[in-house]
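Q: What shape does this take:
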Amino acid sequence: MLGGPPQHTAYKGEPTQLRIGDRNVIREHATMNIGTVNGGGVTQVGSDGLYMIESHVGHDCKVGNHCILTKQATLGGHCDLGDYVIVGGLAAVHQFTRVGRHAMIGGLAAVVKDVIPYGSVWGNHAHLEGLNLVGLKRRGFSRETINTMRAAYRMLFADEGTFQERLDDTVETYAACPEVVEIIDFIRADGARPLCLPEREI
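A: Sure, this is the predicted structure:
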């Protein structure tokens with residue numbers, strides 16, 4: 001069902017839109033709703049994605065390119081997914097949640113907090129388990145880049161000092177790595193949801 005009305009009680013039939021990019025595979029019973037006036041009026045889905053059976057893209061979502069929503073994966077309204085995000089089967093992403101590029105959301109996860117770019121989250125409620133190493137290797141990131149990102153991740157989510165101190169130290173130490181800078185910029189941006197953090201010490 002593509003372009004159906006948003007599942008939102010405030011929707012009164014206004015002429016809003018669903019925009020879908022090119023070369024997507026959208027399987028049976030998948031749903032993608034149009035936007036709402038209060039949410040900007042447009043639900044935007046990128047190109048080259050795979051939307052498996054019974055997956056759902058809620059109103060006013062922004063979904064990047066090369067994304068995969070597996071069986072019955074669900075995005076609440078106003079979610080923002082970067083490129084190459086994978087949402088596992090039966091996982092649900094809470095409305096207004098941001099998921100950074102190349103992140104992996106494990107099956108059955110309940111995601112109620114923002115997920116950093118390149119992150120891997122699992123559980124109910126979802127917590128950060130590390131970087132999406134499998135996805136990074138599959139997409140051709142170099143061993144050097146991955147090792148730098150892992151070192152930056154350990155520094156950022158270590159148990160010493162305050163989170164702000166670790167954030168400052170990480171950006172200073174790894175300023176030459178654009179992937180690390182992307183994670184820092186994502187964290188510093190003003191999201192509507194809190195940040196998904198590791199459940200235990202690294």
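
Q: For the most centrally placed residue in the chain, give the beta-bridge partners.
A: Nearest to the mean C-alpha position of the chain, counting by Cα atoms, centre = their mean, stands Val99 at 1.9 Å. Beta-bridge pairing of Val99 under DSSP bridges involves Leu81, Val115.

Q: Would you confirm that it contacts Ala109?
A: No - Val99 is not in contact with Ala109 according to Cβ atoms under 8 Å; the separation is 10.9 Å. For every residue, glycine as well, the C-beta is placed using N, CA and C.

Q: any idea how far the residue nearest to the centre of the chain is from Arg23?
A: As judged by Cβ to Cβ, to the nearest Å, Val99 and Arg23 stand 21 Å apart.

Q: picking up where we left off before, show the contacting residues for the residue nearest to the centre of the chain.
A: For Val99, the contact set (Cβ atoms under 8 Å, 6 or more residues apart in numbering) comprises Cys79, Asp80, Leu81, Gly82, Val85, Val87, Val93, Ile105, Val111, Asp114, Val115.

Q: Report the residue ranges of every domain in this protein.
A: 2-132, 136-188 (automatic domain parsing).

Q: could you dump these to JSON lines with distance to Leu197?
A: Compiled in JSON lines, these are given as follows (distance: least, Cβ to Cβ, whole Å):
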{"stretch": "domain 2-132", "distance to Leu197": "6"}
{"stretch": "domain 136-188", "distance to Leu197": "7"}
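
Q: for those domains, which one sits closest to Leu195?
A: Nearest of the domains of the chain to Leu195, taken as Cβ to Cβ: domain 2-132 at 5.2 Å.
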